[in-house]
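>>> requesting a structural model of the entry that follows:
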Amino acid sequence: MSHRWDAWCLLAVLLWAVESRAALFGDVRGVVVDPQGRPVFEAKVIVRAHASRISLVGQTNENGEFYFRSVPVGEYVVAIEKEGFRSVEQPLTILSNSAPVSRFQLEIASIKQNLDIVSKPELAGSDAATPTTLVSHDQITQTPGAARSHSLAMITNYVPGAYMIHDQLHIRGGHQVTWLVDGVPIPNTNIASNAGPQFDPKDIDYLEVQRGSYSAEYGDRTYGIFNVAPRSGFDSDREIEFITSYGNFNQTDNQLKVGSHTDHFAYYGSLTGYRSDYGLETPTSAVLHDQFSGLGGFASLIYDATPSDQLRLVSGVRRDAYQVPNDAEAQATGIRDIDRERDTFVNFSWVHTLDPRQLLTISPYYHFNRADYIGDYIGSGGEDAPVVPTGRHDSNYAGLQAIFSALTHNNNAKIGYCGFLQRDSSFLGLQTGAGPGYSLSQAQKLRGSLHAGFLEDQFKPTSWLTLTGGLRLTHFSGRLSENAVDPRAGAAVRVPRINWVLRGFYGRYYQAPPLSTVSGPFLELALNQGFDFLPLEGERDEEYQFGLTVPLRSWTIDTDYFHTAAKNFFDHNALGNSNIFFPLTIERGRIRGLEVTLRSPRLWRRGEILLAYAHQRAEGKGGITGGLTDFSYSPDYFFLDHDQRHTLSVGFNTTLPSHSYVAGNLGYGSGFTDGEGPQHLPGHKLLDLSLGKSFGENWSLAIHCLNVANRQFLLDNSETFGGTHYEGPRQVYAELRVRFHY
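Now for the predicted structure:
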């Protein structure tokens, strides 16, 4: 029955004859009037990208209106030109799924002055209820350590409540997040199976991070949504760039990338190789058995086949190998475990423009993910030999996305579908002593599927009020079948004159469970020890959120309060100190927090300051409702192992004379849960710095220093991937960038 459902859903999407839009794009629309408020016909409208050569040109209709659909996220300038009037320019930041209405009033041109620059930028996403952080390629390049292939500092340094703990990214009290590239998802239902990141930061043009208050377009993993706008070639003209670095721990990170464009075609590609003697968080302050290395490749192709048809292809491949770090005892015993990972994705999109208000985007995609934990023991064996675990897990996802959008003066209505078929292959084995063979083992081949459809409308009855309502329907099929009906509703109010934006949101979400399970001899062993494995059900979340954005003399202050209540909260237990995880669900989860972000203007034309702060509580309650359980039960709320009350990041960058800069980040955490709590570990502070200089247009040199004070401390003591985890030692490396044309 499930296969028939899969076929009908895919066939229905292929037969749609409706207009649609890609998700990682926004819309630019507005109205141009003269000094008397009358519409200006055939005024020239130009939308120019800040960091690339993207330039869109159009004109107003008889009502003075203009529309630009499917504009990639990023920073732009909108220019209005009309003979007899002074030209107007206004900065604009485009966020995905936003379509604000901008009003431009032209003045009669004078003899001496014909350009009016509006210096105050407008945030395109300010008409939505979703708190969003946008990180640019320039910020990633200058932020200390953020451009390294295995780094997620582009998230932890800019997003409130985001931090790394036991080698996993956590945001808003969870680690189930959604990655998208060009608006197309890269699905992964596994929990904490990979230590390597999904993307190399050097391949990212803009990273848009949404945290809560999601539109009905999004479901699946709900603690953070990362939209990646990759480098496309529009910022290059037959250009090759070579990046190389070297530092302590014999670390090096090297990339060769090429990109260019014509009027109808743009391409970008990169090859990356990296290694270091310090990789994963160590169980003690000593660095033992902790090398890692990796290779990666990325490609983006954009082709305008006709004025109405654009084809986009994005693909990436990554291979990582980690030595699992030891403490002194494990090192002396002869334990030499390693973790190997592979990841490949291919996303294709066809964007068809029917008219300035209508688009059709159909996006098939494929994702392959492998996580292999290979236990290795070089000791002499005997009765004291440790138990050596081995786990292999391959996941294949093949899916399709299509989204309908109808844009009018007051409405931005959408209907869409996203679904995939999943095939998993897994092996788990335990070996005792130094001899060959496994004492216990199991191999499985699993299948599942997910289909989701949604309806949504963003309605603007006035220029200062935006109402959003939507409904998402999900069907999941795996070991069990589940259905979810999730409503979403939000509102954003822009206070006239002072331009404060108040927003509110209520929504429900469904997260599909992993397919992995325990059976055979492992289940028998668990039953003999008083354990059992319960079927995994999907997590169901209920969220409400309130926020306020305050522009103050070109500063922007954004605050929001959120409350997420989860049923079947996803978490995991590790097998010993390995990276072999048994997924589980906790009966109840509760995450509450206050978040604050602050961004300064360009101060004294030299630099800016960015602040991200979160006050948060992450708690669980009840027993284990899915996965490996001993049937224990907690009637009261308890702190989860990644709970941290205060998380603060303050970043800055300053332009210095002679084409140089200095940038830094000061991070503070009040301490994670100590054991099972309720006490917490002591607080900690970290300072990172970078200093760079350009030598002409084609050469640049930068020096990065992470953990300047070399403060090593116990970060957490959860039973995950090594047992305990210490903050890494000071790392210093130099980075050289060389550009040339061909």
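>>> now for the helix or strand where Phe652 lies, which elements pack on it?
If you go by DSSP states H and E, Phe652 is part of strand 646-656. Under the contact criterion of 3 or more C-beta pairs under 8 Å, 6 or more residues apart in numbering; DSSP states H and E, strand 646-656 touches strand 607-629, strand 660-669. To be clear about C-beta, it is placed using only N, CA and C from the backbone, and glycine gets the same treatment.
>>> what residues of it count as buried?
Thr647, Leu648, Ser649, Val650, Gly651, Phe652, Asn653, Thr654 (16 or more other C-beta atoms under 10 Å).
>>> beta-bridge partners for the spatially most central residue of the chain, please?
In the chain, the residue lying closest to the centroid (C-alpha atoms, centre = their mean) is Phe226, at 2.3 Å. Beta-bridge partners for Phe226, by DSSP bridges, are Trp179, Val209.
>>> could you do Lys414 as well?
Residues in beta-bridge contact with Lys414 (DSSP bridges): Ser405, Glu456.
>>> so what's it up against?
Arg21, Ala216, Glu217, Ile403, Phe404, Ser405, Ala406, Phe454, Leu455, Glu456, Asp457 (C-beta atoms under 8 Å, 6 or more residues apart in numbering).
>>> out of those, which end up buried?
Of the contacts of Lys414, these count as buried by 16+ other C-beta under 10 Å: Arg21, Ala216, Glu217, Ile403, Phe404, Ser405, Ala406, Phe454, Glu456, Asp457.
>>> what distance do you get for Val388 to Phe505?
Distance of Val388 to Phe505, computed by C-beta to C-beta, to the nearest Å: 49 Å.
>>> likewise Trp350?
Between Trp350 and Phe505 the distance, using C-beta to C-beta, works out to 32 Å.
>>> any idea what Gln442 is bridged to?
Under the criterion used (DSSP bridges), Gln442 bridges to Leu428.
>>> from Phe427, how far off is it?
7 Å.
>>> could you list the low-confidence segments of the stretch 51-200 of the chain?
51-53, 110-126 (pLDDT under 70).
>>> scratch that, the stretch 451-600 of the chain is what I was asking about
517-530, 574-580.
>>> for it, what spans make up the helices?
520-528 (DSSP state H, counting those that start in this stretch).
>>> now do the strands in it.
465-477, 481-494, 501-511, 532-534, 539-552, 555-574, 581-599 (DSSP state E, counting those that start in this stretch).
>>> what about the residue nearest to Leu180 when sequence neighbours are not counted, how many neighbours?
Of all residues not flanking Leu180 in the chain, Asn227 sits nearest, at 5.0 Å (C-beta to C-beta, 6 or more residues apart in numbering). Per other C-beta atoms under 10 Å, the neighbour tally for Asn227 reads 27.
>>> circling back: dump the strands of the stretch 451-600 of the chain into JSON lines; add distance to Val28 and mean neighbour count as well.
As requested, the strands of the stretch 451-600 of the chain are arranged in JSON lines below (distance: least, C-beta to C-beta, whole Å; neighbours: other C-beta atoms under 10 Å):
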{"stretch": "strand 465-477", "distance to Val28": "16", "mean neighbour count": "20"}
{"stretch": "strand 481-494", "distance to Val28": "17", "mean neighbour count": "17"}
{"stretch": "strand 501-511", "distance to Val28": "19", "mean neighbour count": "21"}
{"stretch": "strand 532-534", "distance to Val28": "50", "mean neighbour count": "17"}
{"stretch": "strand 539-552", "distance to Val28": "20", "mean neighbour count": "18"}
{"stretch": "strand 555-574", "distance to Val28": "20", "mean neighbour count": "20"}
{"stretch": "strand 581-599", "distance to Val28": "22", "mean neighbour count": "20"}
